[in-house]
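Q: Below is the structure, and that's it, no one-letter string:
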């Protein structure tokens, strides 16, 4: 699904601030695999996501997504197969547009004929069905502007928006970090359901070590633009948050 | 009555421009200064073609050339990464030369004696007053443009443009080309402005190279006056309110000039003051509210 080979990215090249944000990083992710990504600030987590979505072009290496080499493609061409959820619920939705308009935009990915009706009747009933599953009452507020929703409701909407067009890869950038505990729990439950149901290849950045182990099928830790360790299978099952924490601090001391 | 009819005509004709301004100023959230140039461009193209005996093509080409000017600004903003305000200023400035060229190296062109759409409308409706015939034609143009915009902004592209002004991160994440949306929007906006200029040329019967000066401010004033009366509402309602705002603006100006309160040359100053007053209202209101809260707090502290 996703194949990153020898990714290399250096920021501020040629200045005293020169920093290798991605350092010969290679990573392969299959469909249905749910990878959690941990690492301290500046370890390269967000840089890795940015490299995948096309926020910048790599200095070296390649990225293959869903069988296509996307190394040189601009962001909007890659977004066809990527669902992305930001940490800030406000970034994933258009506040002055209605819920149904937001969903219609997300649902329209890659469809042809730009002058068709923005929100069609079939779309509406389809969206209603999906929104009802969140049990947040959003299905009865489809004509409300998104700015009126709470952070949790917005993130749930963003979740639906980024998966409704059936992407192949889902990127979650600390998507529950800005929510209250109850909302965070609900969003995680929804995430888990959608990932399992659509068999999405998923990457989730988190600073919550427990969350990193409780969810998903595989955990990597980034340090200095490289993968410091890659946990899966039995090894991951036997890992506890406190032991993982030890690894973490051990690396930082070095 | 003459005053009212004239304001209504001008309000509808400049309402075309106000709708265009609404597209960039409110929907795209990026004020566009191309307007001053693209208005004159539409005006000049329409006047020249009318003088050549093709008033209908004058309108069509006014719209197309306006759209072209908008496309240039859009390209400068997105592909060349020039600041949006500066892009508009650059296009506007360049258009001054283009407009002189279109007018044939003259600063004005009179349509005296040429058949244009307004005289044709009056001729084809011989039983009604000339002002009514003009009103019918102006309303027709205005309604056609309104209907197009109302439809366009409910289509898929329309939604994408609205979302681009609202949150372009989300638009990019939905695999939509943000740059293309910005270019289309500035182009649609300036097509409306060119349309307005093209109709204005035939209505007033002449074209002048300086007709466009301050048009951006006039358009902004119309949009804002519309919002003062009708508030921020759905996109379709907002286009209607921009037209109404334009008519009210013309009435205010006509009354102010009629009352001998202002000399005619005060027009632009009055327009600018209207825009400043409307745009600064929230900030001024906030400051008053803060002062009131403070006074209240001080009084409680004194108890």
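A: Nice, I can see it. What you see is a predicted model, and the numbers here were worked out from it, not measured in a lab.
Q: Residue B:138 versus residue A:64, what's the distance?
A: The spacing between residue A:64 and residue B:138, counted by CB to CB, to the nearest Å, is 59 Å. C-beta: built from backbone N, CA, C; applies to glycine.
Q: and what of residue B:167?
A: Where residue B:138 is concerned, residue B:167 sits at a distance of 37 Å (CB to CB).
Q: Tell me which of those two has more neighbours.
A: The neighbour comparison of residue B:167 against residue B:138 (other CB atoms under 10 Å in any protein chain shown) goes to residue B:138, with 25 against 20.
Q: I figured that one hits residue B:14, correct?
A: No - using CB atoms under 8 Å, residue B:138 is not in contact with residue B:14, being 10.0 Å away.
Q: Give the residue spans of the stretch 51-200 of chain A that score low on pLDDT.
A: By pLDDT under 70, the low-scoring segments of the stretch 51-200 of chain A are A:109-112.
Q: ok, which stretches of it are strands?
A: For the stretch 51-200 of chain A, strands defined by DSSP state E, counting those that start in this stretch occupy the ranges A:60-65, A:68-69, A:82-85, A:169-173.
Q: Chain A contacts on chain B?
A: B:152, B:154-160, B:162-163, B:166-167, B:169-178 (CB under 8 Å from any CB of the partner chain).
Q: repeat that with 10 Å
A: Applying CB under 10 Å from any CB of the partner chain, we find that chain B lies next to chain A at B:26-27, B:29, B:151-160, B:162-180, B:184, B:232, B:234-235.
Q: give me phi/psi at residue A:7?
A: Residue A:7 has phi and psi values of phi -70, psi 130 when expressed as degrees, to the nearest 10.
Q: nearest residue to the residue nearest the centre of chain A other than its sequence neighbours?
A: In chain A, the residue lying closest to the centroid (CA atoms, centre = their mean) is residue A:171, at 1.7 Å. The shortest distance from residue A:171 to any non-neighbouring residue, by CB to CB, 6 or more residues apart in numbering or on different chains, is to residue A:84 (4.8 Å).
Q: any idea how far residue A:53 is from that neighbour?
A: 6 Å.
Q: Kindly report the same for residue A:61.
A: Distance from residue A:61 to residue A:53, by CB to CB: 16 Å.
Q: neighbour count winner among the two?
A: Ranked by neighbour count (other CB under 10 Å), residue A:61 and residue A:53 place residue A:53 first, with 21 against 17.
Q: which residues touch the more buried one?
A: By CB atoms under 10 Å, 6 or more residues apart in numbering or on different chains, residue A:53 lies in contact with A:65, A:70, A:75-76, A:78-79, A:82, A:84, A:169, A:171, A:173, B:172-173.
Q: same question, residue B:73
A: Shown in contact with residue B:73 (CB under 10 Å, 6+ apart): B:24, B:30, B:32-35, B:37-38, B:82, B:84, B:87-92, B:95, B:182-183, B:186-187, B:189-190.
Q: Touching both of residue A:84 and residue A:53, which residues are there?
A: A:75, A:169, A:171, A:173, B:172, B:173.
Q: how about the fourth one, what does it touch?
A: With contact taken as CB under 10 Å, 6+ apart, residue A:173 is in contact with A:37, A:45-46, A:49-50, A:53, A:84-88, A:91-92, A:203-206.
Q: before we move on, back to that, format the shared contacts of residue A:84 and residue A:53 as TSV; extra columns: distance to residue B:76.
A: TSV is the format used below for the shared contacts of residue A:84 and residue A:53 (distance: CB to CB, whole Å):
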residue	distance to residue B:76
A:75	21
A:169	35
A:171	33
A:173	33
B:172	20
B:173	25
